[in-house]
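>>> Sharing a model prediction with you, sequence too.
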Amino acid sequence: MFIRKKIGKYKDKSYTNYQLVESVRTPKGPRQTVICSLGDLGPRPAVDWLRLVYKVEAALVGQLDLFEPYDEEVLDIVEQVRRRQSSVPPSRGAVPQGLASDDLVAVHTDRIEIEMDREAGPVHVGYRFWRKLGLPEILSDVGLSPRERALTCVMTMNRLLWPCSEHGMPDWIRSTALGDILAEDFDSLTEAPLYRNMDALYTKIKEIESRLADRERDLFNLDQTVFLYDLTSTYFEGQCEKNWKAKKGYSRDKRFDCDQVVVGLVVNRDGFPLCHEVFPGNTQDRKTLPHMLGLLDARIGFKPGQTVVVDRGMAYAENLEQIRSRNLHYLVASRQPERDQWLGEFEDGEGFEEMKLTSSPTNPYQKKSPVRVRMKKTPDETHVLCLSEGRTQKDKAIREKQEQRFVADLDKLAKRVANGRLVKPEKIGEAIGRLKERYPRVARYYDIAYDTGSKTFSAQLIPEKYDKAVTLDGSYLLKTDRTDLTAEEAWRIYNLLTRAEDAFRAMKSPLAERPIFHQLPHRVDTHIFLCVLAYHLLVAIEKTLRDRGVYTSFSAVREQLKTHRVSTIVLPTDDGQLLKIRKPSTPEPRHRELYRLLDVPEQVIPPRKKWIDTNKTA
C-alpha cells in the first residue's frame, strides 16, 4: 500500500485529496487500485505517510502494536476500508462474526503466558510443496512406513532450511512447528532413528527419483527435449576407510588433501533434477557419461531427437558417439585444442552478429555482457564461434599464466642450446615443436628459430599476432550435430547448462552437502539424495515465484517467513482453570503476500484448545 496525492479542481478552485492505493498483480501486469479516499491529510513529512500506511496494513490483518496504540486517524481509515469491503459497517467493540458467546471467558491478564514458541513460516511452505510434489504418496508407494515418511520429510526440511548433522537435527526439529504440522511427536527423537531411516531410504532412491521426475513433469508441464549433464565433487572429513568410493581426485572445492566423491546430475531446461549418481572420487568426467545415459533412459525413457548438453570435460569423440548411438543429439563446448584450430576464424572477426540478450530467468537484474556469434558448418557438424566480453578477464588471466610458463621453458631451451647440451638440429626442432604443442595459445605469436650456420637459438614476439591474440580473450567454440539451430539458438541452449551449475551451487552452500561426515557408502549416497530432494523443493518454490513475475531466492523467502510462528497461549481464567490455545500468529502483510504468490494457505495449523483444571491438579 501507499498514499497518492491527487489535486483536483472544482469551480476554479483547487483542492487536495490523498488516496490509499494498493498495487495488485493481474494477468496483464501490476495495476493500482484505490482502496479509499483519505481527504486532505494536511502537510506532513513523507516518513509520517509511510508510518501511517504501515499502521493501516497491520490493523487490517489484526496485528496490534501494544506499545503504540492506534490513533483515531488509523481507526477511521480501517473502518472506511472495511465498509468498502462489506455492505454492513463494522461496529467497534462488537463480537466478531462466528465467535460464540460461550467462548467468552474472564482471564487474569497479568498471568497470561506464551509457551512452546516455534518457527512455522518456512517449514509451512516447505511442507506444502512437499505435498504438492506428491512426496507423501511417492514414499508410501515405494513401501516406507508412516514414521519413515515423517522422518524423511523432516530430514529433507532440515537440508532445505537449516542444514546440520544428524546429531544436531532432533533439536532443530523441535525448534520448529514440524511436530504440529505433521502431527508427530518428536520430543524424544534422537539421531539413532535418523540413521536407521537413512538405511531404509537408501534402497528406494532410484524408484523415488523416477516417480518424482514424472510427477514434476506433469505438475509443471516441464520440457523434456533438452537434458543438461554436469558433475561436481564433494569432499569428506575423516579417513573414510569403509567407503570404497572415497578417493582423491580433481577437487572442484580445491580440497586436494581430502578424499572425495564425484556427483553427476542431469537437470531439464527448467533446472529440475531428473537423475543423479555418486561416483568414486577419482572418476574422470568422460568415463561417467555412458552410465548416466543409461540411468537417464531408465528414469524417463529417451525419444529420438532429444538433445544432451555437456561441458568440455566430456567433449571427446567417444562420448559424442555414445550420445549419437542412442538417437540423441549433442551440444558441447569444444576442448581447447579444437578451438585453437579455429583461431584464424576468430582473428578474422568478420561475420559475427551481436545477440540481443534478455535478462536471466533467475535474476532479471543481472547485467549481461555482449556476446557475438558466428556459425560455420562442416559436412558432419555445426560449429558456433562465440565471443563474450564477460569471459575476457578470465581468458586473459589464463593466457598470461600460460605465457609466463612458455617464456620460462623458452629460456630453458635457449640455455640448453647455448651450453651445448642440445646440439643436433633435428632434436632442437623437436623440442621447439613440443613447446608449440604444449602452449598453442601463446606460441602462435612467437617466431622461434634455430640458425644452423651460427648455431644460435632465437625467439621473437610478433607484435601483430600478439595484438590479435589479445582480442581472442573471451572466445569459445560450440559444436552440435543438429542442423536446425541458428547460432543464437545453439548458444542459448548451451547456456542452459548453468542450471546444473546452479543446482550444485545450491546443494553445496545453502543445502550444505559438503563436507560429508558419513563413513558408510550407502549413508553417503543417502545424504546426497536428501540434498537432491531438498533442491527439488527449492527449485519448485523459485519456479512458482518466477512464473508470477517475482525473481527472488528461496533464502530471501525463508528469511521473511521465519517470523511467522506457532505458539501456545496460556490463559488463566477467573474460575481457577487454565485455557491453553495452540495456534499460529496472525500473518503479517509480507507473509500473506508470499503465501498468496506460492498458493500456500495462511493457516499453518488449525487452533487447538485444551482446558486444565488447576483446582484438581493442585
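Yep, that arrived.

>>> same question for the strand or helix carrying Tyr476, mean pLDDT?
Using DSSP states H and E, Tyr476 sits within strand 475-480. Strand 475-480 shows a mean pLDDT of 89.

>>> how about the residue of the chain most remote from its centre, secondary structure?
The centre of the chain is farthest from one residue, Gly453, which by CA atoms, centre = their mean lies 65.1 Å away. Assigned with DSSP: H, G, I helix; E, B strand; the rest coil, Gly453 falls in the coil class.

>>> Could you pull up phi and psi at it?
phi -70, psi -50 (degrees, to the nearest 10).

>>> picking that back up, sheet-wise, list the partners of the strand holding Tyr476 with their directions.
In the sheet, strand 475-480 lines up against strand 329-333 (antiparallel), strand 382-388 (antiparallel) (DSSP bridges).

>>> mind listing the strands for the stretch 51-200 of the chain?
113-119 (DSSP state E, counting those that start in this stretch).

>>> re the thing from before, which residues does the residue farthest from the centre of the chain contact?
If you count contacts by CB atoms under 8 Å, 6 or more residues apart in numbering, Gly453 has none. All C-beta atoms are positioned from the backbone trio N, CA, C, and that covers glycine.

>>> Ser585 too?
By CB under 8 Å, 6+ apart, the contact set of Ser585 is 120, 564-567.

>>> out of those residues, what pair is the most spread apart?
His564 and Ser567 (10.9 Å; CB to CB).

>>> Identify the contacts common to these two.
By CB under 8 Å, 6+ apart, the residues touching both His564 and Ser567 are 584-585.

>>> neighbour count winner among the two?
His564 (25 against 18; other CB atoms under 10 Å).

>>> Tell me the spacing between the more buried one and Val125.
To Val125, His564 is 10 Å away according to CB to CB, to the nearest Å.

>>> Repeat that for Asp185.
Remark: distance between Asp185 and Val125 (CB to CB) = 23 Å.

>>> Which one of these two is surrounded by more residues?
Neighbours per residue, other CB under 10 Å: of Asp185 and Val125, the larger number sits with Val125, 24 against 8.

>>> Go ahead and confirm that one touches Ile541.
Yes. Contact criterion CB atoms under 8 Å: Val125 and Ile541 qualify, at 6.8 Å.

>>> anything in contact with each of those two?
Overlap of the contact sets of Val125 and Ile541 (by CB under 8 Å, 6+ apart) consists of 557, 598.

>>> returning to what we had before: could you tell me which of the contacts of Ser585 belong to helices?
Among those, no member falls in helices (DSSP state H).

>>> Save these as a markdown table, and put in pLDDT and distance to Ile323 too.
What follows is those, written out as a markdown table (pLDDT from 0 to 100; distance: CB to CB, whole Å):
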| residue | pLDDT | distance to Ile323 |
| --- | --- | --- |
| Ala120 | 96 | 47 |
| His564 | 96 | 48 |
| Arg565 | 96 | 51 |
| Val566 | 95 | 51 |
| Ser567 | 95 | 56 |
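
>>> what about Arg565, how many neighbours?
17.

>>> Now do the phi/psi pair for the spatially most central residue of the chain.
When CA atoms, centre = their mean is applied to the chain, the residue found nearest the centroid is Ala506 (5.0 Å). For Ala506, the backbone dihedrals (degrees, to the nearest 10) come out as phi -70, psi -40.

>>> wouldn't it be in contact with Leu538 here?
Yes. The criterion here is CB under 8 Å, and Ala506 meets it with Leu538 at 6.1 Å.

>>> and the gap between the residue farthest from the centre of the chain and Ala459?
Distance from Gly453 to Ala459, by CB to CB: 18 Å.

>>> does Glu209 really touch Leu296, like I thought?
No. Using CB under 8 Å, Glu209 makes no contact with Leu296, being 10.7 Å away.

>>> For those two, list the residues in contact with both.
Cys275.

>>> Skip ahead from the strand holding Tyr476 and say which helix or strand is next.
Assigned by DSSP H and E, the successor of strand 475-480 is helix 487-495.

>>> What mean pLDDT does that next one get?
The average of the pLDDT scores along helix 487-495 is 88.

>>> How about stretch 187-197?
In the prediction, stretch 187-197 has an average pLDDT of 94.

>>> Of all the residues in that stretch, which ones are buried?
The neighbour-count check on stretch 187-197 (16 or more other CB atoms under 10 Å) flags 189, 193-194, 197 as buried.

>>> ok, now stretch 517-526?
Residues of stretch 517-526 classed as buried: 518, 521, 523-526 (neighbour count, 16+ other CB under 10 Å).

>>> quick one: low-confidence ranges for the stretch 51-200 of the chain?
When residues are selected by pLDDT under 70, those of the stretch 51-200 of the chain lie in 59-73, 75, 79, 82-102.

>>> which stretches of the stretch 301-450 of the chain form strands?
Counting by DSSP E, counting those that start in this stretch, the strands of the stretch 301-450 of the chain are 307-310, 329-333, 353-354, 371-377, 382-388, 446-451.

>>> Show me what the longest strand that the chain contains packs onto, helices and strands only.
When every strand of the chain is counted residue by residue (DSSP state E), the longest turns out to be strand 13-26. Strand 13-26 is packed against strand 2-10, strand 29-39, with contacts defined by 3 or more CB pairs under 8 Å, 6 or more residues apart in numbering; DSSP states H and E.

>>> Name every strand pairing with the shortest one and say which way it goes.
I take that to be strand 2-10. Here, using DSSP bridges, strand 2-10 pairs with strand 13-26 (antiparallel).

>>> Just say helix, strand or coil for the residue lying closest to Tyr595 once chain neighbours are set aside.
Nearest non-adjacent residue to Tyr595, counting by CB to CB, 6 or more residues apart in numbering: Glu602, 5.2 Å away. Using three-state DSSP, the structure places Glu602 in coil.

>>> quick one: contacts for Glu602?
Glu602 neighbours (CB under 8 Å, 6+ apart): 587, 591-592, 595.

>>> And Tyr127, by the same measure?
Contact partners of Tyr127, counting by CB under 8 Å, 6+ apart, are 153, 157, 178, 181-182.

>>> circling back: hmm, which two among the buried residues of stretch 187-197 are most spread apart?
Leu189 and Asn197 (10.7 Å).

>>> now the end-to-end length of stretch 242-252.
Using CA to CA, to the nearest Å, the span of stretch 242-252 from its first residue to its last is 23 Å.

>>> Now do that stretch: distance to the chain's middle.
Its chain's C-alpha centre and that of stretch 242-252 lie 26 Å apart, by CA atoms, centre = their mean, to the nearest Å.

>>> ok now do the closest residue to Phe352 other than its chain neighbours, which residues does it touch?
Excluding the flanking residues, the one nearest Phe352 by CB to CB, 6+ apart is Arg372, at 4.0 Å. Residues near Arg372 by CB under 8 Å, 6+ apart: 352-355, 386-387.

>>> ok, now Val278?
By CB under 8 Å, 6+ apart, the contact list for Val278 reads 245, 261-263, 524-525, 528.

>>> and if we set it to 10 Å?
Neighbouring residues of Val278 by CB atoms under 10 Å, 6 or more residues apart in numbering: 205, 234, 245, 261-264, 521, 524-529.

>>> still on that earlier bit, among the contacts of Ser585, which ones are in strands?
Taking DSSP E, the ones among the contacts of Ser585 that sit in strands are 565-567.

>>> For Leu265, which residues are in contact?
By CB under 10 Å, 6+ apart, Leu265 lies in contact with 228-232, 273-277, 292, 500-501, 503-504, 507, 528, 532, 535.

>>> Out of the residues you listed, which sit inside helices?
Cross-referencing the contacts of Leu265 against helices under DSSP H gives 292, 500-501, 503-504, 507, 528, 532, 535.

>>> Name the nearest of those residues relative to Asp473.
Glu501 (21.7 Å).

>>> Skip the chain neighbours and tell me the closest residue to that closest one.
Spatial nearest neighbour of Glu501, excluding adjacent residues (CB to CB, 6+ apart): Asp230 at 6.3 Å.
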